[in-house]
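**Student:** From the sequence below, what's the structure:
(chains A and B)
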Amino acid sequence: MTHIELIEFIYTHRQVLDDIYKNKKTTVSEALEASRLVTKIGGNIELSESYRNFIDITLNRIDYAVTFNTYHAELKEILVQKSRYLHEKKEYYLLEILSLLKAIFLKLHKRDQEIRTLLIKIENETSLDLDLLIEKAMDILGKIKEINQANKQIQEVFYDEIYELHPKTKNFIDDISFSMLTFIENISTSLENLEYFIARTKKLRQQNRKLHQLSVEILEERDQELDNLLTLNPKENYLTLYRSQKNAIKSFPDNSEASRIIRKLRLSMNQFQVKKEPKQFIISPQKEEKLNLVNIVAIENELKKSGSEDIFNFIYEHQELQKFIKESSKKVSLKEESFKIYLQFIIPHNPKIELTNQFNTHNIRIAQWI
Amino acid sequence: MDIATVFRTMTKGVIISRNSTKYGDIATFLLNDENYIAYENLLQELGYELNGENGYFYLSKSETLTSNEIDQFIQSHKEVFMLISILKQLLPHARSGSTIKYTEFIAEFEAKKDEHLEAKWRYVFKESDLKQSSEKFFERLSREFILEKIDKNNKDTYLVLNSLDYYLSFLESMV
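**Tutor:** Modelled structure (predicted):
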């Protein structure tokens, strides 16, 4: 069977193969049974290991049971071939060495992909119990550490033993050097990520246990510690505010429902005879107010009679003002009241009043009554 | 986004989570130091405290709480702890930023139902009808700003908001 025929064969049996993959089907046609895509186990048909591997690798679906074997056998074989080559100088051994180098490189590449996919899968795993997940992750961590160690051995053999062996081995190792370093760095990163994931998952497990314990304490009313903790720093705690009631509204009545309720309410309300109480008005008597005024005419008459060098000071010291301030029910300023009267004299034109350019001790411009 | 909008939202008692679709804009606004300090100063004038850490923000009161407020505060927290405890018992992998499914929750409830779970359930809900209560469970956690529907049209998938860590932070202080 050629490659293209294989593709066509898979296409023809795609539905049945998918059903076997999803464990929906256990019997197949003879043609399919005879192919290496499926294996018969007892009375059941299952996908063959090679086909399942093909699916998992192509679709990045990797099983936790990834084989983490190291490169010990290949490295040992390389050293044997090197020794033979050095001894016999035959091209054949060199080709064997190059073939082994290539095989190890491809294995590194495959493992790099597998481990990265495995970590993505384990980090997104939600079906496993946390205890089991941590156990599995710890197991994988140990195996990746072994791989990391094995990668160092590969580097030593490649660069210390094979690199200078022949220009062809040198060129080959130069060509793959960059990728190899990337794989080695990826392993290091994977180790760090997995260690972080394990720490995070352990914390999650501890939180869950504490939450469980706390819920038991609340149910059994043994939660004094929680009460104390919650009231320890109220300034930093949420929910000390008024909570909006908006969220509690689940539905609003539509118009027809509202109209129906209003009609019912009207009918019910009409049955009641409500006697109207006559309105009573409370009339409060007006308060008598005593007016307290300054007798400006008396001040003006005195000014007309005797004149003044400083009208403001004259008003300020006049007994009418003193009397007004004393009798006033509100707190008033003598200076302000004097100034108001002062203005009443100087604003309308009066030939008897002369404004000077000087200011008195109250910082009021001096006006004279001549 | 401005301080007035942020204030209007937060005084309703919303915990703003950085990973929330609904309130993500406010979180982005508050992640700017200048905005945060200006808002914090304004709130202190009004008698509130702005709290922001680990991807969530909320307000609290500067003054001492009254005894009624303390009672309400403690009871509300206990109920939320109980809700989170149920969530974690059924979906132990749930954490801030993960997504959970309503249907999976119901299936796990059926599978893991025990006396303790039922006691926890009765602490928060009175109804015996699981389906109705499960809806209320998700509604309540959404109302506490811990869960948020990932999409309005997707009734099954919820996002666990960063505010979950606020409640979990209390656990770290407990023995």
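
**Student:** Quick check: phi and psi at the residue lying farthest from the centre of chain A.
**Tutor:** Distance from the centre of chain A peaks at A:Lys305, with 88.9 Å (CA atoms, centre = their mean). With angles defined as degrees, to the nearest 10, A:Lys305 sits at phi -70, psi -50.

**Student:** what does A:Lys25 give?
**Tutor:** Backbone geometry at A:Lys25, expressed as degrees, to the nearest 10, gives phi -140, psi 140.

**Student:** mind checking how far it is from A:Leu32?
**Tutor:** Applying CB to CB, to the nearest Å, the value for A:Lys25 to A:Leu32 is 10 Å. C-betas here are computed from N, CA, C, even on glycine.

**Student:** hey, what's in contact with both of the two?
**Tutor:** A:Val16 (CB atoms under 8 Å, 6 or more residues apart in numbering or on different chains).

**Student:** Who has more neighbours out of the two?
**Tutor:** Set side by side, A:Lys25 and A:Leu32 show more neighbours around A:Leu32, with 18 against 15, by other CB atoms under 10 Å in any protein chain shown.

**Student:** So in terms of bridging, what pairs with B:Tyr158?
**Tutor:** As for beta bridges, B:Tyr158 partners with B:Ile100, B:Lys149 under DSSP bridges.

**Student:** and it, how many neighbours does it have?
**Tutor:** Neighbours of B:Tyr158 under the rule other CB under 10 Å: 22.

**Student:** Equivalent analysis for A:Asn208, please.
**Tutor:** 22.

**Student:** Whether the lowest-mean-pLDDT helix or strand in chain B contacts chain A - can you check?
**Tutor:** Lowest by mean pLDDT, DSSP states H and E among the helices and strands of chain B is helix B:130-143, with a mean of 81. Yes. Applying CB under 8 Å from any CB of the partner chain, one finds helix B:130-143 touching chain A at B:Arg143.

**Student:** Going by contacts, tell me the helices and strands next to that helix.
**Tutor:** Secondary-structure packing of helix B:130-143 (3 or more CB pairs under 8 Å, 6 or more residues apart in numbering or on different chains; DSSP states H and E): helix B:67-90, helix B:102-112, helix B:115-124, strand B:147-151.

**Student:** Give me the pLDDT value at the residue farthest from the centre of chain A.
**Tutor:** For A:Lys305, the pLDDT comes out at 87.

**Student:** Domain ranges for chain B, per the record?
**Tutor:** Residue ranges for each domain of chain B read B:3-61, B:67-172, as given by automatic domain parsing.

**Student:** could you dump the ones you listed to a markdown table with distance to A:Lys323?
**Tutor:** Shown next, in a markdown table, are these (distance: least, CB to CB, whole Å):
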| stretch | distance to A:Lys323 |
| --- | --- |
| domain B:3-61 | 49 |
| domain B:67-172 | 59 |
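
**Student:** which stretch among these comes nearest A:Leu108?
**Tutor:** Proximity to A:Leu108 (CB to CB) singles out domain B:67-172 among the domains of chain B, at 32.3 Å.

**Student:** next one: the one helix or strand B:Phe57 maps to to chain centre, how far?
**Tutor:** For B:Phe57, the host element (DSSP states H and E) is strand B:56-61. Centroid separation for strand B:56-61 versus its chain: 12 Å, with CA atoms, centre = their mean, to the nearest Å.
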